[in-house]
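K.L.:
dropping the sequence and predicted coords here.
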Amino acid sequence: MSFKKLLFFSQESNSRKSSCLALILSGFALFLCACATNPATGGRDFVTMSEDGEIAQGRKFHPQVMQQYKEYESPVLQALVKDIGTRLAESSERSHLIFRFTLLDSDQVNAFALPGGYIYITRGLLAYLNSEAELAGVLGHEIGHVTARHSVRQQSGSTLAGLAGFAVAMKTGSRAASDLANLLGTALISGYGRKMELEADSLGARYLAKNNYTPQALIDVISVLKDQELYDKERAKLEDREPRAYHGVFASHPRNDIRLREAIEAANVINPSAPKVNQSERELFIQKLDQLVFDKPAREGVTRGNSFYHEELDFTFDFPQNWRVENQANYIDLYAPANAALMRVGMEDLNKKISPREFLLERVNVKKMSDDEAITIDGMAAHTALGRGSTPYGTRTIRYTAVFHGEKAYIFQATAKDKNAHTAFDSDFLNTVKSFTRLSPEDKVKAQPQRIQLHRVQAGETIESLSASSPIPVYAAQQTRLLNALYPDKQPQVGQLIKLVR
């Protein structure tokens, strides 16, 4: 290629860059003028999306949400959520939209909304609510996010930031700036800022008052979630881990926010006679939660005491007393007290007719096996060995075991936090592996998920005595208090109807 031709190509490229940059910069004027009247607040908002575009996004992402979470199989509770939500939405500023309300089959404590009127609440959050007004408070808050077009406003801001980043990337040639612009530009669903959360509070309180619910229910819901946050911080100290950041509904709300209380007082003016929740109304509501699934769906496996059961995959195993279970999407983590040891259980398809030892070498990539042994567990071929590898604690000795069950290989990997403590835990690791077995008819009964069961408190009963037989493996008393708005140390009254886990 001649120098002249190369120079001409370079000039053409720069010309194109200049033209694109000019087009982008001229687009700023259009974006800065892309203001619309907010249907809920009456203010002027910067938006780059039409209402039809907003609805189309909700329609696009709804199937993805349902694929991940599934709908909770209870026509009665689905109807309850839909009925309350629809009544609230009918009194909103965007009543021309068809809102859709779904109770998700998830033990996560959360609620969220997609653009265009798709509202979700998990059964995990529903379990901790104690009145219809609280449920209305959650749904009203999420409706407020939709009516105020928060996701659209947030995405419009991200689009502008992404456009600016793209312009900078073209000018500087920075790939990192371009990648960041793409990330910002495609961020559809993320946390809302404090201003938008308060706006959703104010709107939700308004919808509650219009439907004869006390706006105070919003504060009651926040108290429920703040107690959850406090509980996890206390657990984190005992378990030697970081608290889990909560990013869901009401995440940024202080318990006694002055601006929130002002919004609730303003809503009270709409309907000063909205009744406060009494004990009778509370009982009518929680009676609808009787037999609500409390833990993971059965398809994900359940914990009973110090045993784990998975009906669909036909296996169970025992683990040491006082260890905690964290059931993730693709594996199960078992932690010793104070995180002193960790055992991870995963599963992979078998694709070749190889031995369990060969599987550890080829698929798990175990190097330099020692103390390895072919074993049989409940008639299933298995192999166990020691090796070295990377763990959350750093490079450690790991007890590896592969168990062949049907066309699946179950992989156990276990290690100790203290690099010198592996021997102290190795018998626990091996006992857990050797307890792996197929489900008996009795096991299949135990493999059903924990459910909420209502109980009328008798004289002499306490949270501690009522929790003693709970299937919740750890911190059963604290969890029972959280379910009944009694956290951290309250006791129920004689005759009170409360939620237990059975």
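P.N.:
Happy to help now that I have it.
K.L.:
now do the SS call for residue 474.
P.N.:
Under DSSP: H, G, I helix; E, B strand; the rest coil, the three-state class of residue 474 is coil.
K.L.:
residues touching it, list them.
P.N.:
Residues in contact with residue 474 (CB atoms under 8 Å, 6 or more residues apart in numbering) are 322, 324. C-beta here means a position set from N, CA and C on the backbone, and glycine is covered the same way.
K.L.:
what segments of the stretch 401-502 of the chain are helices?
P.N.:
422-434, 441-446, 463-467, 476-483 (DSSP state H, counting those that start in this stretch).
K.L.:
secondary structure element for the nearest residue to residue 288 once chain neighbours are set aside?
P.N.:
Of all residues not flanking residue 288 in the chain, residue 80 sits nearest, at 6.3 Å (CB to CB, 6 or more residues apart in numbering). In the assignment (DSSP states H and E), residue 80 maps to helix 75-90.
K.L.:
please apply the same query to residue 375.
P.N.:
Following DSSP H and E, one finds residue 375 within strand 370-377.
K.L.:
find the residue at the geometric middle of this structure.
P.N.:
The centre of the chain sits closest to residue 108, judged by CA atoms, centre = their mean, with a distance of 4.4 Å.
K.L.:
assign that one to helix, strand or coil.
P.N.:
With three-state DSSP as the basis, residue 108 sits in coil.
K.L.:
how much space between it and residue 384?
P.N.:
35 Å (CB to CB, to the nearest Å).
K.L.:
likewise for residue 429?
P.N.:
Counting by CB to CB, the gap from residue 429 to residue 384 is 9 Å.
K.L.:
now do residue 432
P.N.:
Residue 432 is 11 Å from residue 384, where distance means CB to CB.
K.L.:
likewise residue 345?
P.N.:
Here residue 345 is placed at a distance of 14 Å from residue 384 (CB to CB).
K.L.:
again, but for residue 336
P.N.:
Note on residue 336: its distance to residue 384, by CB to CB, is 19 Å.
K.L.:
go on, residue 201?
P.N.:
Counting by CB to CB, the gap from residue 201 to residue 384 is 55 Å.
K.L.:
more crowded one of these two?
P.N.:
Shown here are residue 201 and residue 384; by other CB atoms under 10 Å, residue 201 has more neighbours (28 against 24).
K.L.:
part of a helix, is that one?
P.N.:
Yes. Checked against three-state DSSP, residue 201 lies within a helix.
K.L.:
residues contacting the closest residue to residue 477 other than its chain neighbours?
P.N.:
Once flanking residues are discounted, residue 477 sits nearest to residue 467: 4.3 Å by CB to CB, 6+ apart. Applying CB under 8 Å, 6+ apart, one finds that residue 467 lies in contact with 476, 477, 479, 480, 500.
K.L.:
relative to the whole chain's centre, how far out is stretch 277-285?
P.N.:
Per CA atoms, centre = their mean, to the nearest Å, the displacement of stretch 277-285 from the mean C-alpha position of its chain is 28 Å.
K.L.:
wait, isn't residue 415 in contact with residue 342?
P.N.:
Yes. Taking CB atoms under 8 Å as the definition, residue 415 is a contact partner of residue 342 at 6.1 Å.
K.L.:
how far away is residue 209 from residue 265?
P.N.:
When distance is defined by CB to CB, residue 209 is 11 Å away from residue 265.
K.L.:
neighbour-wise, which of these two wins?
P.N.:
For residue 209 versus residue 265, neighbours defined as other CB under 10 Å are more numerous around residue 209 (23 against 11).
K.L.:
and the pLDDT at residue 263?
P.N.:
pLDDT for residue 263: 88.
K.L.:
helix or strand: which one has it?
P.N.:
helix 258-270.
K.L.:
quick one: residues contacting residue 492.
P.N.:
Counting by CB under 8 Å, 6+ apart, residue 492 has contacts 457, 461, 463, 484, 486, 498.
K.L.:
format those as JSON lines; extra columns: neighbour count, pLDDT and distance to residue 148.
P.N.:
Converted to JSON lines, these look like this (neighbours: other CB atoms under 10 Å; pLDDT from 0 to 100; distance: CB to CB, whole Å):
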{"residue": "457", "neighbour count": "18", "pLDDT": "98", "distance to residue 148": "42"}
{"residue": "461", "neighbour count": "16", "pLDDT": "98", "distance to residue 148": "46"}
{"residue": "463", "neighbour count": "23", "pLDDT": "98", "distance to residue 148": "40"}
{"residue": "484", "neighbour count": "20", "pLDDT": "98", "distance to residue 148": "33"}
{"residue": "486", "neighbour count": "18", "pLDDT": "98", "distance to residue 148": "34"}
{"residue": "498", "neighbour count": "23", "pLDDT": "98", "distance to residue 148": "37"}
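K.L.:
thanks a lot, catch you later.
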